[in-house]
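Trainee: Curious how this folds, go ahead:
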Amino acid sequence: VATLALVSWTVWGSGCCFDQAVADKRQAGGNVGGVPVCFYSTEAQQDLYFFGHGHNYKLALKEFTMVSGKIPLPPRFAFGVYYSRYWAYSDIEEMEIVNQYHDHHLPLDVLVTDMDWHITYYNGSRDQAGEQMGWTGFTWDKHLFPDATSFLRWCKARGLKNTLNLHPASGIQPWEERYKEMAEAMGIDPASQKYVPFDPTNKTFVTNWNTIVLGEREQEGIDFWWLDWQQGEDWIKVAGMNPTFLLNYIFFTNPNHWQHDGADHRGMLLHRWGGLGNHRYQVGFSGDVVPLWQSLDFQVYFTLTASNVGYGFWSHDLGGHITPSPPELYTRWIQWGAFSPIFRTHCTKNANNYRRIWLYPFSYYSVMRRFMSMRSSLVPYLYTMARQAHDTGVSMVRPMYYDSPAADEAYSYTTQYMFGDYLLVSPITAPMHPTYNTTRKTVWLPPVGNFVSWHSGEVFDTPLALTRNYTLAEMPVFALVGSVLPLRTRDDVSVGSTQNQVSTMKLLVFSAGGAATSGSGVVYEDDGVTNSYQRDGGGFTHFNYSAPLNSNEISLTVSATDGTFTGRLEQRSYEVEFRGVWPPLTASVDGKPLEPIMYDTPCNVASGCYAYDGSRLAVHVYVPAVATDTQHIVEVRLQDNLPSPIMQTNYAGQLRRLIAAKQLLDNQWGIHTVHQQDYYSLLNAGETGMRITYKPLSTRVELENFPNLLQQARQEVAALKVSSDLKSVVLELLQA
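Mentor: Numbering: from 1, shown residues only. All right, here's what the predicted structure looks like:
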């Protein structure tokens, strides 16, 4: 039975996040050693609530948001890819960066411009507010952006959103473009050249600031603000006032921005944490981080536990901030970012400090590129889970104890989490072993259903503490068997694509060799930008997977999309991937037979087709455009029955490792040349996937022979005359 106790007493004093010892030391002029004060005020007033739900943490969170406000649904673009760097970029340079993303076929959705967008002074002088001159600014630096409106129009033509950095503490200084208007509005004679003090507690100041100063930037094309340095913690004297919280509220609810000209746009900002209740103002910016493995490890723990107070949309400086990020560390950070609430790279101003992944060596770049593309493809799933957070109070990044509260392991495995309803993620937060080039990690798979490895296809019964060695290209990501994930297709991952409706949706079905006889999934859609979602302005489409026991028939039912919203597609095509099944004999949509093709070759999109990927053991069904207001059924008849243990092994993961091993040996040519005839079994094993793709009828024979080829490959490598270091790495790749 859920119990909500409203405790009607008031606590006066430092506030739950305020360190009195640090505050006393600061007031006395002492060195606080860089320890921040989580400020509420010297007379913070708090109402205390007690939620008594036992182990039903999800219900506690729902009732918490019923009392403190629902978690808002951010705009869809918020779940795409951000580019940010503290650098004095010009419009020319930012355009070139966008074009580089396009040339590398990388996704990009939000362009973040740090503080040098405005007039700055780096001469050490102080302004009238006593702050560093030019740290605060609201006027474009015309040397860098001579025509900001045209630049922002260029960005919008490419589907990008724009945000600017703000440090508002110095108010409106005399050199600002709108100083005269702002001074007059606040009763200051502009001829006096006295600055307009920053006072977020003054409604007149805030209204004028929003309309006269910030409103002009917004009308030019700024979509939201990055509220970097709030200030006021030491000099705002209003009892009980938390200036960070106040500013987050002001920016998120500013009617002059979000409801300008009759619009009804959702609030959005990047901001610092202002205390409990800040889940109402998304998304978070966690601040400057030193690029260390310990920092990465803590970010994972920090993010999943923030869900305990509804603060589920943290964004971090992926790669760290303060110094250059080493390639291996940055690669792991990008992997974590792909499966985190917000994907935002950033770093401080330093000529050797950058976050463009194509500037890293290819072996790292290729991995980061794959995960960045994966991130963009996940947006339909992420957006659905974000909608669920609004409805239930349960964020998309969930500690293990939400679903397994009685298990001790749920509390001890602190850097793994459920990523929405269907995925379990355990980021790698430690460096690779110098001899084997792998990182050993144990992941706890809870007893909420069986899991399948996204990377390898191996199926696991639960509960299980699973220990594996992971290469740089691998990350522990598991899906519940039978789950159906809505994704963007790989052809739909590009600059500015996130804000668009998905005309061809990929449905990834984790069939897992028939380990589950049924499964499901769902996708939520709306216009992506307005508050209509709060008034039923959205729609859900449900997916139901069926694989009857000891049968060679599988199917996926796609429901009619319920609800209406602006931009809803009347028709949509699908790419359905049944992963971990036998090759198809036939495939049909709504009873209409489809034509077979070889995988990764052109398909007649008007009539549809199907193919088999021998590397993933996956059937791909390409469904032609169908009406979204009716139900559709995709049916496949396989060459053999499910379940099948041979379809539940780590074959797909071993295949990738064989290809990596071949590349390592090939790259010895001309250095310490190794001849290919000395590792023919390795080559043959690595080609198993392609042989199956070419001739799907050979699948059973190929899979039964695969372990023998793998064992022969190990023996060949053990006999090679290569360095012991290389041999150790290659043999590690060939481990079962």
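Trainee: The lengthiest helix in the chain: which residues count as buried?
Mentor: Criterion DSSP state H: the longest helix present in the chain is helix 699-719. For helix 699-719, the neighbour count (16 or more other CB atoms under 10 Å) marks T699, E702, L703, F706, L709, L710, Q712, A713, R714, E716, V717 as buried. C-betas here are computed from N, CA, C, even on glycine.
Trainee: cool, stretch 433-441 as well?
Mentor: Of all the residues in stretch 433-441, those buried under the rule 16+ other CB under 10 Å are Y436, N437, T438, T439, K441.
Trainee: For Y680, report the pLDDT, please.
Mentor: Y680 carries a pLDDT value of 96.
Trainee: I figured it was touching E716, is that so?
Mentor: Yes - with contacts counted by CB atoms under 8 Å, Y680 reaches E716, the gap being 7.4 Å.
Trainee: want to try a markdown table for the buried residues of helix 699-719, with pLDDT and distance to P427 as columns?
Mentor: Listed next are the buried residues of helix 699-719 as a markdown table, based on pLDDT from 0 to 100; distance: CB to CB, whole Å:
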| residue | pLDDT | distance to P427 |
| --- | --- | --- |
| T699 | 98 | 34 |
| E702 | 98 | 34 |
| L703 | 98 | 31 |
| F706 | 98 | 30 |
| L709 | 97 | 33 |
| L710 | 97 | 28 |
| Q712 | 97 | 35 |
| A713 | 97 | 30 |
| R714 | 97 | 30 |
| E716 | 96 | 34 |
| V717 | 96 | 30 |
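Trainee: Need these in TSV (columns: distance to Y89).
Mentor: Shown next, in TSV, are the buried residues of helix 699-719 (distance: CB to CB, whole Å):
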residue	distance to Y89
T699	52
E702	52
L703	52
F706	51
L709	52
L710	50
Q712	55
A713	49
R714	51
E716	52
V717	48
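Trainee: on that earlier part again, distance between the longest helix of the chain and the chain's centre?
Mentor: Relative to its parent chain, helix 699-719 has a centroid offset of 38 Å by CA atoms, centre = their mean, to the nearest Å.
Trainee: and what of stretch 96-105?
Mentor: Relative to the centre of its chain, stretch 96-105 is centred 20 Å away, using CA atoms, centre = their mean.
Trainee: What lies in contact with that stretch?
Mentor: Stretch 96-105 has contacts (CB atoms under 8 Å, 6 or more residues apart in numbering) with 83, 89, 107-108, 111, 155, 158, 160, 356, 358, 369, 373, 493-495.
Trainee: and if we set it to 10 Å?
Mentor: Residues external to stretch 96-105 that are found in contact with it (CB atoms under 10 Å, 6 or more residues apart in numbering): 81, 83, 85, 87, 89-90, 106-109, 111, 154-155, 158, 160, 356-359, 365, 369, 372-373, 490, 493-496.
Trainee: CA-only coordinates of it in CSV, if you can.
Mentor: What follows is stretch 96-105 as a C-alpha-only set of coordinates in CSV (Å, rounded to 0.1, in the frame of the first residue of the first chain):
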residue,chain,number,x,y,z
GLU,A,96,33.2,24.3,-41.8
ILE,A,97,32.7,22.1,-38.7
VAL,A,98,29.1,21.4,-39.7
ASN,A,99,30.3,20.5,-43.2
GLN,A,100,32.9,18.2,-41.8
TYR,A,101,30.2,16.3,-39.9
HIS,A,102,28.4,16.0,-43.2
ASP,A,103,31.5,14.8,-45.1
HIS,A,104,32.2,12.2,-42.5
HIS,A,105,28.5,11.0,-42.6
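Trainee: My guess is A685 contacts Q715. True?
Mentor: No - taking contacts as CB atoms under 10 Å, A685 lies outside contact range of Q715: 11.9 Å.
Trainee: list residues touching both of the two?
Mentor: Common contact partners of A685 and Q715 (CB under 10 Å, 6+ apart): Y679, L734.
Trainee: Having no further points to raise, I will conclude here.
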